[in-house]
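K.L.:
Give me a model of this one.
(one chain, ligands or ions: 2)
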Amino acid sequence: MAVLPLQTMGGPAGRRLDRLDYLVPPGTTLAPGDVVQVPLGPRTITGVVWGPGEGDLAAGRLKPVTARRDCPPVPEALRRLVDAVAAYTVSPPAAVLRMVLPVDDALDPPRPETGLVATGAAPAGRLTPQRRAVLETLEHVTAEEGGSPPTVAALAAAAGVSDGVVRGLIDGGALVPVDRPVPRAFDLPDPDLPGPAFGPDQAAAAAALVAAVGAGFAVEVLDGVTGSGKTEVYFEAIAAALRQGRQALVLVPEIALTSQWLERFRGRFGAPPVVWHSNLGQAHRRRAWRAVAEGTAPVVVGARSALFLPFPALGVIVVDEEHDAAFKQEDGVVYHARDMAVMRGALEGVPVVLASATPALETLANVERGRYRRRRLAARHGAAVLPAVEAIDMRAERLPATRFVSEPLKDAMLAAKERGEQSMLFINRRGYAPLTLCRACGHRMRCPSCEAWLVEHRFRAGGPRLVCHHCGHEEPEPDTCPACGAEHKFAPCGPGVERLAEEVGSLMPELRVAVMTSDTIASPVEAADLIARMEAGEIDVLIGTQMMAKGYHFPRLTVVGVVDADLGLAGGDLRAAERTYQLLAQVAGRAGRAEHPGRVLLQTYDPGHPVIRALIAGDRDGFLDAEASERRAAGAPPYGRWAAVVVSAPDPGDARSTADVFARALRRTLPPGARLLGPAPAPISLLRGRHRVRLLVMADRAADLPAAMARARDLVPVRGAVRVQIDVDPQSFL
Ligand SMILES: Nc1ncnc2c1ncn2[C@@H]1O[C@H](COP(=O)(O)OP(=O)(O)OP(=O)(O)O)[C@@H](O)[C@H]1O
Ligand SMILES: [Zn+2]
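P.N.:
Ligands and ions are numbered 1, 2, ... in the order given. Coordinates of the predicted model:
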């Protein structure tokens, strides 16, 4: 039998061996999809039976499979997806298979676990703050687990300490392990609970989606304005799948932030879905993976990695906010979860629903080509109307360089407060200021391992820090300039969320402010807490980055201020205009979603820009038509096909020379008519201590770029610390 192991092997002449042949031990039967342990060199590793032997090795030299793991087989459609994704992204199939089998523990049946209870005795040794935190958390965690004593790992995670601290308390006699019942099954969502009463558009779209479930592969684009009730509509497709005894998968861009979504799901189906993303505890992931494989997890909502879960009976895939760039995985296997979801839908023979108020140009081009069907929701649900969008011409506002909120925006926020309503200020910049400059000599603080400036974060617990937004490097802010020695001369330039919060606090002290960014929200629990305070009206102004832009529904939020509407438009990125339009339309879409009408104020220095004009006129389709014809004329995606190569190495010369060799190889393998740009230093030419060189291939839409890339890669020896990353359909050009 041929087995695809989780690790790739170097074969003869530097060739990569993906699958290896093994003997089936006598008395055993193995079928494709079975998860097995196989010997590989001195080790035993996990793999999946892929099919009949391929005859790479003489029969006499074959080794037998060591063991079969006791878990459901990887379904055929998913095995084909592994091969298809590997081919499309030019990645080793083993790397894709690792995303299918990410939790080794889940490949064996659950073992009875031990949980911890308190003995009541004081621990031997000192009661450190960490130990005290564990003991104080125990009762709470036990209650959260339905009275079941928590495991070491769960308790340690909840108390924010290492497992060792908990073990120390066991050794010290304060905690004692007891048997814990095998985790119970996930609750079953009930499709037959009453759904909401639909208006005519919603009803028509829901009927179309319901009809599609069970009728084979199709892509349904659910294109509805913000607040039109797309979620409720695709819930009906999920209900249809459940009624057919099938599973449903919902992919969302930012899983940590879906407390409202989960509530609505529970409201519709009476039970929560199974949540899947990479930051969940190991115990949850093990249980969830196994339940999906055994078919006892009917609905999964997850981040892009959920796409590779082993559903045996998938009925529908939904990609919510399908335009979102977060669906693109940029390292390891570089793939776009929306596109690969469509691939999986085709292989499974099930419909894929792509939902968005601002669908990607790629998606709309597929609608135009007749490959995807579109269902439109033109109006907001119920009596709600779309907000009025206005520009504030910042050239006329003449604000001092240290102020960022204009008078009209301030007045609108105060008026909202008067009416008992809320506002939101959006700026897509974390930290205090994007730039910190020495006023004596102009020196800027840069990251030691990236080609990037450091960003001041002023309100950190331990005092102000300078942070690199690329690699996470942090250092305290110096008192003296390292270049000229001047003391206390560093000055912030421009606004970040923290600085805005400070300004709002001093301009409008009567407003209660909260900040929502990835720095202030460390966990889903904190996000849910902030959302709950917003819903309860305990916050007047929510200030944040794109993290707060999508999906939220706050009935009392009526004013949205975009502090710097021009921010995303600079730079020549292929999608700069499209992205900015999408982001600002999503932010704007948070205003006036219930009975009170909303107002959106865009602060801009370029009110005539097509993106700003389209937002004001609410003319999405006009904007997209213009954008599409530009792209068509330039042969750019979605009308052409692009692929990028990033070569990186600690030594700039190594990166450059491998990139040169790769470019020569590509000239041999690319289809006629394809253009090759580069090698050239990447815009971020140094990242995490690695020098980066880029190549970009531009070809016809029909060109098979993955195949050309794969052939080129096979021609290029990659030595030492050099890394070559191939990116088909690149989203990022940095
Ligand atoms: N038919 C309905 N009856 C009652 N409430 C509804 C109905 N449809 C939608 N809603 C409610 O209207 C609000 C907006 O719906 P929803 O969030 O699904 O819109 P959306 O189209 O996903 O918006 P966005 O793109 O901005 O996220 C939600 O609170 C939802 O529960
Ligand atoms: Zn850095």
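
K.L.:
who's in contact with residue 292?
P.N.:
Residues near residue 292 by C-beta atoms under 8 Å, 6 or more residues apart in numbering: 247, 274, 276, 300, 309, 310, 311. Glycine gets a C-beta too; all of them are placed from N, C-alpha and C.

K.L.:
for these, which one is nearest ligand 1?
P.N.:
The closest of the contacts of residue 292 to ligand 1 turns out to be residue 300 (C-beta to the nearest ligand atom; 19.1 Å).

K.L.:
Within its sheet, name the partner strands of whichever strand or helix holds that closest one and how each one runs.
P.N.:
Using DSSP states H and E, residue 300 maps to strand 299-302. Partner strands for strand 299-302, per DSSP bridges, with pairing direction: strand 247-251 (parallel), strand 274-276 (parallel).

K.L.:
about what we covered before: in JSON lines, list the contacts of residue 292 along with distance to residue 669 and pLDDT.
P.N.:
Formatted as JSON lines, these follow (distance: C-beta to C-beta, whole Å; pLDDT from 0 to 100):
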{"residue": "247", "distance to residue 669": "40", "pLDDT": "98"}
{"residue": "274", "distance to residue 669": "43", "pLDDT": "93"}
{"residue": "276", "distance to residue 669": "38", "pLDDT": "92"}
{"residue": "300", "distance to residue 669": "39", "pLDDT": "96"}
{"residue": "309", "distance to residue 669": "35", "pLDDT": "98"}
{"residue": "310", "distance to residue 669": "35", "pLDDT": "98"}
{"residue": "311", "distance to residue 669": "36", "pLDDT": "98"}
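
K.L.:
Of those residues, just say which sits nearest to ligand 2.
P.N.:
Within these, proximity to ligand 2 (C-beta to the ion) peaks at residue 276, which comes in at 30.1 Å.

K.L.:
The closest one bridge partners, please.
P.N.:
Residues in beta-bridge contact with residue 276 (DSSP bridges): residue 302.

K.L.:
check contacts around it.
P.N.:
255, 285, 288, 292, 300, 301, 302, 303, 305, 306, 309.

K.L.:
circling back: most tightly packed of the strands paired with strand 299-302?
P.N.:
Among those, ranked by average contacts under mean count of other C-beta atoms under 10 Å, first place goes to strand 247-251 (a mean of 27).

K.L.:
And the contacts of that strand?
P.N.:
By C-beta under 8 Å, 6+ apart, strand 247-251 touches 234, 237-238, 241-242, 273, 292, 295, 297-304, 306-307, 309, 311-320, 327, 337-338, 341.

K.L.:
Can you say which of these are buried?
P.N.:
By neighbour count, with 16 or more other C-beta atoms under 10 Å, the contacts of strand 247-251 hold 234, 237-238, 241-242, 273, 292, 297-304, 306-307, 309, 311-312, 314-320, 327, 337-338, 341 as buried.

K.L.:
From these, which land in helices?
P.N.:
Judged by DSSP state H, helices contain the following of the buried ones among the contacts of strand 247-251: 234, 237, 238, 241, 242, 292, 337, 338, 341.

K.L.:
could you dump those residues to CSV with pLDDT?
P.N.:
Compiled in CSV, those are given as follows (pLDDT from 0 to 100):
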residue, pLDDT
234, 97
237, 98
238, 98
241, 98
242, 97
292, 96
337, 97
338, 97
341, 98
